[in-house]
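Novice: Show me how the following folds:
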Amino acid sequence: WGLTRLPTTAAVDITHRCNLRCRHCYWWKQDHPPELDDAQMVAFLKGLRAKGLGAAILYGGEPTLRPTVCRAAGEIFDATLAFTNGINGFPPLKKVQWILSLDGPEALNDAIRGAGVYAQAVENLKRASQPPIVHMTVSSLNQHSLGDFVREMMRLPIKGVGFSFYTPDLRRDESDLFIPLKERDQLVTTLLSL
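Specialist: As a prediction, the model looks like this:
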């Protein structure tokens, strides 16, 4: 995109369903239009490819709840990233790079994502046929655990660690999750040093 100014990647919410209710997630708090069935979603993905998009990022809800769509995306696009909470494991799919969302060491992650989520996701990670990338959404709840989290993750069979900052929903008071921009700048420096 940087060289041609043409779109190269599509971010697609492939399902409204999720098996968790993470504290910082906007998805389950919103209303959604009717979900496309598998055939409709695959046709939609093929349409994106026909428009020249070579990569897809699969979101939800929880993408592993739509295995047929995930498999098709891996066959349609040159590269596919799929974000997952790891509870359903990491299906070995052609050209799909799984990205496991975790939000800190076990106690902290489970306070955000639910009891037992960390242990189940890490157990599934250890059995994955290909190492996933781990992704953390940084909020005021976990910003002080970045170093511990990275050290913990580096002991696991992973491909790497990525971060994004929590994005607040302006229609709700989520001041307990939001990190002011000045503090974010300092955290970026911390992340780079890690």
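Novice: Just give the closest residue to the residue nearest the centre of the chain, not the sequence neighbours.
Specialist: For the chain, the residue sitting closest to the mean C-alpha position, by CA atoms, centre = their mean, is F83 at 3.3 Å. In this structure, F83 finds its nearest non-sequential neighbour in I99, 4.9 Å apart by CB to CB, 6 or more residues apart in numbering. Any C-beta I mention is one placed from the backbone N, CA and C, and that applies to glycine too.
Novice: shouldn't the one you found be in contact with N85?
Specialist: No: using CB atoms under 8 Å, I99 makes no contact with N85, being 10.4 Å away.
Novice: More neighbours: these two, which one.
Specialist: Counted by other CB atoms under 10 Å, I99 and N85 do not tie: N85 has more neighbours, with 24 against 20.
Novice: List the contacts of that one.
Specialist: 18-20, 22, 62, 100-101, 113, 117, 121 (CB atoms under 8 Å, 6 or more residues apart in numbering).
Novice: which among the residues you listed gets closest to Q130?
Specialist: Q130 has its nearest neighbour among these in L100, at 11.8 Å by CB to CB.
Novice: Please report the distance of that closest one from Y166.
Specialist: According to CB to CB, to the nearest Å, L100 stands 18 Å off from Y166.
Novice: do the same with E62
Specialist: Taken as CB to CB, the span from E62 to Y166 is 19 Å.
Novice: The two: which is more packed in?
Specialist: E62 (23 against 20).
Novice: Helices of this protein, start to end?
Specialist: 38-50, 67-76, 106-113, 117-127, 146-153, 181-193 (DSSP state H).
Novice: lowest-confidence stretch among these?
Specialist: Lowest mean pLDDT within the helices of the chain: helix 181-193, a mean of 93.
Novice: what's next to that one, contact-wise?
Specialist: With CB under 8 Å, 6+ apart, helix 181-193 has contacts from 138, 143, 146-147, 163, 165, 179.
Novice: Arrange the helices of the chain in CSV, one row each, with distance to R171 and mean neighbour count as further columns.
Specialist: Shown next, in CSV, are the helices of the chain (distance: least, CB to CB, whole Å; neighbours: other CB atoms under 10 Å):
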stretch, distance to R171, mean neighbour count
helix 38-50, 28, 15
helix 67-76, 29, 20
helix 106-113, 21, 18
helix 117-127, 26, 17
helix 146-153, 29, 16
helix 181-193, 20, 11
